[in-house]
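S.K.: Here is the input, now give the coordinates:
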Amino acid sequence: MSGLAEEAPQADKDVSGVVNVVNNAGIARKVARFRPVAVIKG
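M.R.: Predicted coordinates for the structure are as follows:
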C-alpha cells in the first residue's frame, strides 16, 4: 500500500455549495440528494 496516494481533503469543494450555486444560476435544478453508502479504495 506504499504506492497508494491520498488526496488532501482540502482539494475538494463542498458539494452542497456547488449544487446551490449551480441551482441558483439556473444552470441545473436539484432533483435528488444522494447519500454515500460505502467507499472502496483500490
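
S.K.: hey, let's count contacts and neighbours off CA atoms from now on
M.R.: Will do.

S.K.: If you count neighbours, what's buried in stretch 6-21?
M.R.: For stretch 6-21, a neighbour-count test (16 or more other Cα atoms under 10 Å) marks nothing as buried.

S.K.: From the chain's centroid, how far away is it?
M.R.: 6 Å (Cα atoms, centre = their mean, to the nearest Å).

S.K.: Also stretch 21-30?
M.R.: 16 Å.

S.K.: End to end on that stretch, go ahead and measure it.
M.R.: 11 Å (Cα to Cα, to the nearest Å).

S.K.: For the most centrally placed residue in the chain, what are phi and psi?
M.R.: A centroid search over the chain (Cα atoms, centre = their mean) returns Val15, at 4.6 Å, as the residue closest to the centre. Torsion angles at Val15 (phi, psi; degrees, to the nearest 10) stand at phi -60, psi -40.

S.K.: Distance of it relative to Val21?
M.R.: Counting by Cα to Cα, the gap from Val15 to Val21 is 10 Å.

S.K.: And Lys13, by the same measure?
M.R.: 12 Å.

S.K.: Just give the number of residues close to Asn23.
M.R.: Counted with other Cα atoms under 10 Å, the neighbours of Asn23 add up to 13.

S.K.: re earlier: roughly how far does the residue nearest to the centre of the chain sit from Glu7?
M.R.: 16 Å.

S.K.: Tell me where the model's unsure across this protein.
M.R.: 1-5, 9, 42 (pLDDT under 70).

S.K.: try 90
M.R.: Filtered on pLDDT under 90, the chain yields the residue ranges 1-15, 33-36, 38-42.

S.K.: Which residue ranges of it form helices?
M.R.: Along the chain, counting by DSSP state H, helices occupy 15-25.

S.K.: Show me the contact partners of stretch 20-38.
M.R.: Stretch 20-38 is contacted by residues Val19 when judged by Cα atoms under 8 Å, 6 or more residues apart in numbering.
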